[in-house]
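Visitor: what would the 3D arrangement of this be:
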Amino acid sequence: MNKELTIKQSVVTRMVSELRTALPNEGCGYLAGANGCVDTLYPLENIDHSPEHFSFRPEDQFSVLKSARSAGKELQVVYHSHPETPPRLSEEDLRLLNDPSMVYIIVSFKTAVPGIKAYQIDKSNEAITVHEVELNIIGD
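Guide: Alright, predicted model coming up:
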(Lines give C-alpha, C1' and ligand atoms only; values in the text may rest on other atoms or scores of the structure.)
Protein backbone atom coordinates (compact mmCIF):
# COMPACT_ATOMS: atom_id res chain seq x y z
CA MET A 1 0.00 0.00 0.00
CA ASN A 2 1.17 3.50 -0.82
CA LYS A 3 1.20 5.83 2.16
CA GLU A 4 2.16 8.83 0.03
CA LEU A 5 1.80 9.91 -3.59
CA THR A 6 4.11 12.54 -5.08
CA ILE A 7 2.37 14.58 -7.76
CA LYS A 8 3.35 17.72 -9.66
CA GLN A 9 1.38 20.89 -8.92
CA SER A 10 0.72 21.45 -12.64
CA VAL A 11 -0.98 18.04 -12.84
CA VAL A 12 -3.20 18.83 -9.84
CA THR A 13 -4.11 22.23 -11.31
CA ARG A 14 -4.96 20.75 -14.71
CA MET A 15 -6.89 17.84 -13.15
CA VAL A 16 -9.09 20.22 -11.13
CA SER A 17 -9.62 22.39 -14.22
CA GLU A 18 -10.58 19.40 -16.40
CA LEU A 19 -12.97 18.10 -13.73
CA ARG A 20 -14.57 21.52 -13.37
CA THR A 21 -15.40 21.50 -17.11
CA ALA A 22 -17.31 18.22 -16.64
CA LEU A 23 -19.71 19.76 -14.11
CA PRO A 24 -22.54 19.15 -13.33
CA ASN A 25 -21.44 15.58 -14.10
CA GLU A 26 -18.56 13.63 -12.64
CA GLY A 27 -15.32 13.92 -14.58
CA CYS A 28 -12.68 11.20 -14.64
CA GLY A 29 -9.33 10.05 -15.93
CA TYR A 30 -5.93 8.58 -15.16
CA LEU A 31 -2.67 9.97 -13.83
CA ALA A 32 0.66 8.41 -14.72
CA GLY A 33 4.27 8.86 -13.81
CA ALA A 34 7.68 7.32 -13.38
CA ASN A 35 10.43 7.34 -10.79
CA GLY A 36 8.01 7.90 -7.92
CA CYS A 37 6.39 11.07 -9.30
CA VAL A 38 3.03 11.54 -11.05
CA ASP A 39 3.55 14.00 -13.88
CA THR A 40 1.08 13.12 -16.64
CA LEU A 41 -2.70 13.61 -16.86
CA TYR A 42 -5.00 11.57 -19.11
CA PRO A 43 -8.53 13.03 -18.92
CA LEU A 44 -11.24 10.66 -20.14
CA GLU A 45 -14.90 11.06 -21.01
CA ASN A 46 -17.42 9.92 -18.42
CA ILE A 47 -19.58 7.91 -20.78
CA ASP A 48 -22.33 7.75 -18.11
CA HIS A 49 -22.75 11.56 -18.25
CA SER A 50 -23.94 11.39 -14.64
CA PRO A 51 -23.40 13.54 -11.52
CA GLU A 52 -23.36 10.37 -9.36
CA HIS A 53 -21.09 7.87 -11.13
CA PHE A 54 -18.63 7.47 -13.96
CA SER A 55 -17.49 4.89 -16.48
CA PHE A 56 -14.64 4.83 -18.96
CA ARG A 57 -14.99 3.64 -22.53
CA PRO A 58 -12.84 0.44 -22.63
CA GLU A 59 -11.09 1.44 -25.86
CA ASP A 60 -10.17 4.81 -24.28
CA GLN A 61 -8.68 2.98 -21.27
CA PHE A 62 -6.61 0.77 -23.57
CA SER A 63 -5.43 3.79 -25.59
CA VAL A 64 -4.30 5.58 -22.40
CA LEU A 65 -2.48 2.46 -21.21
CA LYS A 66 -0.62 2.17 -24.54
CA SER A 67 0.22 5.88 -24.57
CA ALA A 68 1.55 5.80 -21.01
CA ARG A 69 3.65 2.70 -21.64
CA SER A 70 5.12 4.12 -24.84
CA ALA A 71 6.14 7.23 -22.85
CA GLY A 72 7.81 5.07 -20.19
CA LYS A 73 5.10 5.90 -17.65
CA GLU A 74 2.98 3.74 -15.37
CA LEU A 75 -0.71 4.36 -14.66
CA GLN A 76 -0.85 5.06 -10.93
CA VAL A 77 -4.09 6.92 -10.26
CA VAL A 78 -7.74 6.78 -11.24
CA TYR A 79 -9.30 10.16 -10.50
CA HIS A 80 -12.85 11.42 -10.55
CA SER A 81 -14.95 14.23 -9.14
CA HIS A 82 -17.87 14.45 -6.77
CA PRO A 83 -19.90 17.48 -7.89
CA GLU A 84 -22.09 17.66 -4.76
CA THR A 85 -20.56 15.35 -2.14
CA PRO A 86 -17.37 15.28 -0.04
CA PRO A 87 -14.10 13.79 -1.35
CA ARG A 88 -14.59 10.30 0.06
CA LEU A 89 -15.17 6.94 -1.58
CA SER A 90 -18.88 6.28 -1.99
CA GLU A 91 -20.47 2.84 -1.67
CA GLU A 92 -20.59 2.69 -5.48
CA ASP A 93 -16.91 3.67 -5.73
CA LEU A 94 -16.00 0.85 -3.34
CA ARG A 95 -18.07 -1.61 -5.33
CA LEU A 96 -16.57 -0.62 -8.69
CA LEU A 97 -12.94 0.17 -7.89
CA ASN A 98 -11.11 -3.12 -7.98
CA ASP A 99 -7.40 -2.53 -8.56
CA PRO A 100 -5.52 -2.41 -5.23
CA SER A 101 -2.35 -1.20 -6.98
CA MET A 102 -4.05 2.06 -8.02
CA VAL A 103 -4.51 5.17 -5.92
CA TYR A 104 -7.98 6.70 -6.23
CA ILE A 105 -8.19 10.49 -6.10
CA ILE A 106 -11.51 12.25 -5.57
CA VAL A 107 -11.96 15.98 -6.12
CA SER A 108 -15.04 17.43 -4.46
CA PHE A 109 -16.73 20.58 -5.73
CA LYS A 110 -19.13 20.69 -2.76
CA THR A 111 -17.33 23.78 -1.41
CA ALA A 112 -15.90 26.87 -3.10
CA VAL A 113 -12.36 25.53 -2.75
CA PRO A 114 -12.23 22.00 -4.19
CA GLY A 115 -11.39 19.27 -1.68
CA ILE A 116 -8.92 16.62 -2.81
CA LYS A 117 -8.36 13.26 -1.11
CA ALA A 118 -6.52 10.12 -2.19
CA TYR A 119 -7.21 6.53 -1.19
CA GLN A 120 -6.03 3.02 -1.77
CA ILE A 121 -8.21 -0.01 -1.25
CA ASP A 122 -7.42 -3.47 0.04
CA LYS A 123 -9.73 -6.27 -1.00
CA SER A 124 -7.43 -9.07 0.13
CA ASN A 125 -9.94 -10.50 2.57
CA GLU A 126 -13.72 -10.53 2.73
CA ALA A 127 -13.90 -6.93 3.93
CA ILE A 128 -12.83 -3.87 1.97
CA THR A 129 -10.26 -1.75 3.78
CA VAL A 130 -9.73 1.85 2.72
CA HIS A 131 -6.41 3.59 3.39
CA GLU A 132 -6.01 7.34 2.95
CA VAL A 133 -2.94 8.26 0.90
CA GLU A 134 -1.12 11.50 1.63
CA LEU A 135 -0.64 13.74 -1.40
CA ASN A 136 2.84 15.25 -1.65
CA ILE A 137 2.31 18.05 -4.17
CA ILE A 138 5.58 19.37 -5.56
CA GLY A 139 6.49 22.22 -7.88
CA ASP A 140 7.27 21.70 -11.52
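Visitor: was I right to think His82 contacts Lys110?
Guide: Yes: contact criterion Cβ atoms under 8 Å: His82 and Lys110 qualify, at 6.9 Å. C-beta here means a position set from N, CA and C on the backbone, and glycine is covered the same way.
Visitor: comparing these two, which residue is more hemmed in?
Guide: Legend: neighbour count by other Cβ atoms under 10 Å for His82 and Lys110, higher for His82 (23 against 12).
Visitor: show me what contacts that one?
Guide: 26, 90, 106-110 (Cβ atoms under 8 Å, 6 or more residues apart in numbering).
Visitor: got it, and Arg20?
Guide: 27, 109, 114.
Visitor: could I get those as JSON lines with pLDDT, distance to Ser17 and secondary structure?
Guide: Compiled in JSON lines, these are given as follows (pLDDT from 0 to 100; distance: Cβ to Cβ, whole Å; DSSP: H, G, I helix; E, B strand; the rest coil):
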{"residue": "Gly27", "pLDDT": "97", "distance to Ser17": "10", "secondary structure": "coil"}
{"residue": "Phe109", "pLDDT": "96", "distance to Ser17": "12", "secondary structure": "coil"}
{"residue": "Pro114", "pLDDT": "94", "distance to Ser17": "10", "secondary structure": "coil"}
